[in-house]
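1. Make a model of this:
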Amino acid sequence: QVQLVESGGGLVQAGNSLRLSCAASRLTISNYGMGWFRQAPGKEREFVTFINWSGRSTYYGDSVKGRFAISRDNAKNTVYLQMNSLKPEDTAVYYCAALNSGSYFVPSDYAYWGQGTQVTVSS
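-> Prediction:
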């Protein structure tokens, strides 16, 4: 079956960086827009960023704009999330997801989801 596997999460101090990867199998990501969401304990799933199929268009949530960058390598069937200047409030489980159609900021519009990777930022 289709799999999206996130990796690269971990524990970092505030101000540092992490790079998350999302590798797809049995799914050709060039046919999909790809998004990253995050969910902290007790909170709703939050839109982080989205990149369209070609990589030419990207969108960011206000809380990460200017600090995070999404990219994709369709040849490697992988999407990346570069997270810089991390803050304790960035602590969450980060999920990648594939969007076939619909609104990039609406979680229920996504067709496939990864299992998530934990990011913890200490102060």
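
2. Leu4 is in contact with Ala24, correct?
-> Yes: counting by Cβ atoms under 8 Å, Ala24 touches Leu4, with 5.4 Å between them. Backbone N, C-alpha and C define where each C-beta goes, glycine included.

3. State the helix or strand in which the residue positioned nearest the centre of the chain lies.
-> Central residue of the chain (Cα atoms, centre = their mean): Trp36, 2.4 Å from the mean position. For Trp36, the host element (DSSP states H and E) is strand 33-39.

4. Likewise for Leu4?
-> Assigned by DSSP H and E, Leu4 belongs to strand 3-7.

5. Heading C-terminal from that strand, find the next helix or strand.
-> With DSSP H and E setting the assignment, the helix or strand that follows strand 3-7 is strand 10-13.

6. if we can go back for a sec, give me the mean pLDDT for the strand holding Leu4.
-> In this model, strand 3-7 has a mean pLDDT of 97.

7. for stretch 26-46, same thing?
-> 96.

8. do the same with stretch 54-70
-> Mean predicted lDDT for stretch 54-70 stands at 97.

9. Give me the helices and strands touching the strand holding Leu4, please.
-> Judged by 3 or more Cβ pairs under 8 Å, 6 or more residues apart in numbering; DSSP states H and E, the packing partners of strand 3-7 are strand 18-25, strand 92-99.
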